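Engineer: Take this sequence and fold it.
(2 chains)
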Amino acid sequence: MDPIVYVSLGAALAAGIAGAASAFGVGIAGAAAAGVVAEDEKNFKNALILEGLPMTQSIYGLITLFLILMVSGILGGGFKFTDPNSMDHIVKSAILLGAGLTVGLTGLSAIPQGIIASASIGAVAKNPKTFTQGIIFSAMAETMAIFGLVGALIMIVTGVGF
Amino acid sequence: MEPGAVSGILDTTLAVVFTWVGYKTARIIWKYTPYSYPNARIRAMEAKLLSEQRFNELAESRTLQNFVVSLEDTEYKDYLAGVSDYTVEEIERALERALAGTYELMVRILPKRSAPFFRLMLEEWDVRNVASVVKAKLAGEPASDYVMKIGTMLPKVKAIAEAKTMEEILVVLEGTPYEEPYQKLLLGEISPEEFETELYRRHYNKLLSYALSKKEDERIILEEFVRLKIDKLNILTVLRAKAAGMSAEDIRPMLIPGGSVRLDPLLHVDDLSMALAELDSTRYGPVIRDVREEVERDLGVLERALDRHILERMNELSRFYPLSVAAPLGYILQKEREVRKLRAIAKLIEDGVEPERIKELAGDAA
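Structural biologist: Numbers count the residues shown, from 1 in each chain, chains lettered A, B, ... in the order given. Predicted structure coming up:
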């Protein structure tokens, strides 16, 4: 494959997988939120906060997409790795693909985060005192996405550079 | 390494990673997403279950009118709206409708892969209704007094209660799962007690078959639930029979297959005390140990202890599998307990029992 394909794929997968995972996560938590609000409208505020937690992975994906497009020159200039026979170009474009894939795959944590948020929404509806605990449990899944983002940043900065 | 080889390795890695991740993600989504809405809603409904303090307040109602008014800020309000004469029968019917409404809600909101189980559970009320109405008919009692307004075939149950002859009942039951046992009863091949056992046997067999047809968490939870229910019925049957001095041969046809406890050793002991000692080594040992002395005086204590055990087990499972069918099952059990307690309070108020005594007795009823 051409280096441009790897770079584009890296950018697309970072934002695409993380975005899709966030959509699923928010969807799962949103269904739970609708369930508790159907029983009591007072649950709306707590449910809304918990429902929004799986959304962050899509932001990490978007940040990575911009970074990949910037360092590869697709955004703001000409594409830097044009030669498909140059090992350097292949490796650098593969690093960008890896960075995108890392954020995309760790962004899948939005799905289990949605599941945890969904269970927490139910728990908070039953006992509002568990709201903080629910946030903490749900935020734990976020850690993996942050690791992914940090890893991707290191890969981009040290492997390709600005 | 050639650039082509590097590209090849990258492409293969991508294909493998995406296949694996796609499969795992799809499984997680398929497994948990359908329970997200119902289970959260059920948790919110659990928050609305009546507290002990509310039951105590209801016990102090003194009149059935006050009792109904006290329930106006609960979800029973809609069901009690039609109550005008404030008789205990009318209130009981409203509470039964509320319970039926809970079952129907479960069928509506749960995913298709577990909703039919609640429809099957609702059929237990058909079994109770058919058995008690037929037994009342045979005893020459007014059968309509025994009809509980809950179940999947209420019109047929009412028709049975209004039937003028026993043969007419057979026509009503035609095409239902109860037709064959009823035919046997009419021909005198089985006694009314055996008829009732046969109905329960068929019902639990249906529930167990459904549970065993499921996979993973659902199978674990549903199977455990059905086996616990069967165990409860069998243990109570054996202990009641032992208290009445019945022999193993007489008890065996009354048992429902499919439970998790081996009941053979129990059948051959001489009395209730020995039967309880025999149960001590089973999984129900800790449940019985706590209430052993009271059980020897009143088997109703054990029935309530076993009900509590089933509920605790479902709660345990719902903590382990938060997005599963365990939460709805636990809720149904709690709702049944609540309705049972409300009915008991209503009856005691009608009988003019003092509030303090009602609190004690209603606690026992649950």
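Engineer: what's the residue nearest to the spatial centre of chain A in contact with, if anything?
Structural biologist: What sits nearest the mean C-alpha location of chain A, by Cα atoms, centre = their mean, is residue A:57, with 2.5 Å. Residue A:57 sits next to A:18-19, A:21-22, A:25, A:106-110, A:113, A:142, A:145 when contact means Cβ atoms under 8 Å, 6 or more residues apart in numbering or on different chains. The C-beta positions use only the backbone N, C-alpha and C, and glycine is treated the same way.
Engineer: let's go with 7 Å and repeat that
Structural biologist: Counting by Cβ atoms under 7 Å, 6 or more residues apart in numbering or on different chains, residue A:57 makes contact with A:18, A:21-22, A:107, A:109-110, A:145.
Engineer: tell me which of these is nearest to chain B?
Structural biologist: residue A:21 (7.7 Å; Cβ to the nearest Cβ).
Engineer: now the closest one: how far from residue A:135?
Structural biologist: Per Cβ to Cβ, to the nearest Å, residue A:21 is found 19 Å from residue A:135.
Engineer: ok, these two, which is more surrounded?
Structural biologist: Using other Cβ atoms under 10 Å in any protein chain shown as the criterion, residue A:21 and residue A:135 rank with residue A:21 on top: 28 against 16.
Engineer: hang on, isn't that one packed against residue A:106?
Structural biologist: No. Checked against Cβ atoms under 7 Å, the pair residue A:21 and residue A:106 is beyond contact range at 9.3 Å.
Engineer: now the stretch 1-150 of chain B, which segments are flagged as low pLDDT?
Structural biologist: Flagging of the stretch 1-150 of chain B using pLDDT under 70 yields the residue ranges B:1, B:3.
Engineer: Can you tell me which residues in it are near chain A?
Structural biologist: In this structure, the stretch 1-150 of chain B approaches chain A at residues B:3, B:6-7, B:10-11, B:21, B:25, B:28-29, B:32-33, B:36-41, B:43-47, judged by Cβ under 7 Å from any Cβ of the partner chain.
Engineer: Just the buried residues of the longest helix that chain A contains, please?
Structural biologist: Of all segments of type helix in chain A, defined using DSSP state H, the longest is helix A:3-39. For helix A:3-39, burial by neighbour count (16 or more other Cβ atoms under 10 Å in any protein chain shown) applies to A:3-4, A:6-37, A:39.
Engineer: other SSEs contacting it?
Structural biologist: Other elements packing on helix A:3-39 under the criterion 3 or more Cβ pairs under 7 Å, 6 or more residues apart in numbering or on different chains; DSSP states H and E are helix A:44-52, helix A:56-71, helix A:87-106, helix A:110-126, helix B:3-47.
Engineer: all strands for chain B, in order.
Structural biologist: Secondary structure of chain B (DSSP state E): no strands located.
Engineer: How about the secondary structure of the most far-flung residue of chain A relative to its centre?
Structural biologist: Computed with Cα atoms, centre = their mean, the maximum C-alpha offset from the centroid of chain A is found at residue A:85, amounting to 32.5 Å. With DSSP: H, G, I helix; E, B strand; the rest coil as the basis, residue A:85 sits in coil.
Engineer: Model confidence score at it, please.
Structural biologist: Confidence at residue A:85, expressed as pLDDT, is 79.
Engineer: For it, give me phi and psi.
Structural biologist: In this entry, residue A:85 is assigned phi and psi values of phi -100, psi 0 (degrees, to the nearest 10).
Engineer: Contact residues of chain A facing chain B?
Structural biologist: Counting by Cβ under 7 Å from any Cβ, the residues of chain A near chain B are A:1, A:24, A:28, A:31-32, A:34-36, A:38-40, A:43, A:84-85, A:87, A:90, A:94, A:105, A:108, A:111, A:115, A:118-119, A:121-123, A:125-126.
Engineer: Number of residues surrounding residue B:120?
Structural biologist: 18.
Engineer: list the contacts for it?
Structural biologist: The contact partners of residue B:120, taken as Cβ under 7 Å, 6+ apart, are B:206-207, B:210.
Engineer: before we move on, what about residue B:71?
Structural biologist: Here residue B:71 is in contact with B:77, B:80 (Cβ under 7 Å, 6+ apart).
Engineer: Could I get the phi/psi values of it?
Structural biologist: In terms of degrees, to the nearest 10, the main-chain angles of residue B:71 are phi -90, psi 10.
Engineer: Any figure for the gap between it and chain A?
Structural biologist: For residue B:71, the distance to chain A under the criterion Cβ to the nearest Cβ, to the nearest Å works out to 17 Å.
Engineer: Next: residue B:51.
Structural biologist: Taken as Cβ to the nearest Cβ, the spacing of residue B:51 relative to chain A amounts to 13 Å.
Engineer: what about the nearest residue to residue B:120 once chain neighbours are set aside, neighbour count?
Structural biologist: On the basis of Cβ to Cβ, 6 or more residues apart in numbering or on different chains, the spatially nearest residue to residue B:120 that is not a chain neighbour turns out to be residue B:207, at 5.5 Å. As a burial measure, residue B:207 scores 23 neighbours (other Cβ under 10 Å).
Engineer: still on that earlier bit, check the contacts of residue B:120 against residue B:291 and report the nearest one.
Structural biologist: For the contacts of residue B:120, the minimum distance to residue B:291 (Cβ to Cβ) is 26.8 Å, reached by residue B:207.
Engineer: pLDDT value on the closest one, please?
Structural biologist: We note a pLDDT of 92 for residue B:207 in this prediction.
Engineer: And the pLDDT for residue A:30?
Structural biologist: In this model, residue A:30 is scored at 92, pLDDT.
Engineer: Now it: closest residue in space, sequence neighbours ignored.
Structural biologist: When the adjacent residues along the chain are set aside, residue A:30 lies closest to residue A:51, with 5.3 Å between them (Cβ to Cβ, 6+ apart).
Engineer: Hmm, that neighbour is touching residue A:27, no?
Structural biologist: No. With contact defined as Cβ under 7 Å, residue A:51 does not count as touching residue A:27 (9.4 Å).
Engineer: Would you enumerate the residues in contact with residue A:69?
Structural biologist: Residue A:69 sits in contact with A:11, A:75, where contact means Cβ under 7 Å, 6+ apart.
Engineer: separation between it and chain B?
Structural biologist: 20 Å.
Engineer: For residue B:63, which of the helices and strands packed on helix A:3-39 is the nearest?
Structural biologist: In this view, the helices and strands packed on helix A:3-39 are compared for proximity to residue B:63 by Cβ to Cβ, and helix B:3-47 is the closest at 28.7 Å.
Engineer: how much does the closest one deviate in direction from helix A:44-52?
Structural biologist: Angle between the axes of helix B:3-47 and helix A:44-52 is 160 degrees (criterion: axes from the mean of the first three to the mean of the last three Cα atoms, to 10 degrees).
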